[in-house]
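sequence plus predicted model, see below.
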Amino acid sequence: MSANTVAYGDTLRLRYAIRLRNGEEIVSNFEDAEPDTLTLGDGTLAQTLEQWLIGLRPGERHVFLLEPWQAFGASSEEMVQTLKPEDIPPGMLLEPGTLVEFEMPNGQTLAGSILEIGPEGVKVDFNHLLADCPIEFEVEVVAIDQ
């Protein structure tokens, strides 16, 4: 790719929106005063979404209609875990439907949704909230920072 198209590792100023196919907006920065700045590969944006930016030019605006496997993937039973009460941080709100974040030993955080609370522990779904969802990913590359 030439220097005026997006490549992996580039720092971009980007406007974007993620919507469910029914039009429900999940996130958008199109109305914000300034676009977000992010570097492809730094984990700010899901890697599956980053791939759709490669080769775009500043000033281009695109809407990608993505199937679950092209965006946040399919849910997996392995991502539903029952945590022992001692593994739950003290003071954490424990109610079914609550979204909670757990700090991993490597310092990263992992978000999960509490499914149920029982005598054996707390059942948490760590699948991405948009797993199994076909989405609309709208992007506008404002600039590639040099």
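That came through, no problem.

need phi/psi at residue 125.
Note on residue 125: backbone dihedrals following degrees, to the nearest 10 are phi -100, psi 110.

pretty sure it sits against residue 111.
No: look at residue 125 against residue 111 with CB atoms under 8 Å: they stay out of range, at 9.9 Å. All C-beta spots, glycine's among them, are computed from the backbone N, C-alpha and C.

those two: who's more crowded?
Set side by side, residue 125 and residue 111 give different neighbour counts by other CB atoms under 10 Å, the larger being at residue 125 (20 against 14).

contacting residues around the more buried one?
When the contact criterion is CB atoms under 8 Å, 6 or more residues apart in numbering, the partners of residue 125 are 75, 79-80, 112-113, 115.

who does the one helix or strand in the chain whose mean pLDDT sits lowest touch, helix- and strand-wise?
Each helix and strand of the chain was given a mean pLDDT (mean pLDDT, DSSP states H and E); the minimum falls on strand 99-103 at a mean of 82. The elements that strand 99-103 packs onto, with contact taken as 3 or more CB pairs under 8 Å, 6 or more residues apart in numbering; DSSP states H and E, are strand 109-118.

hang on, the earlier thing: quick one, the least confident helix or strand of the chain and strand 109-118 angle?
Using axes from the mean of the first three to the mean of the last three CA atoms, to 10 degrees, the direction of strand 99-103 lies 120 degrees away from that of strand 109-118.
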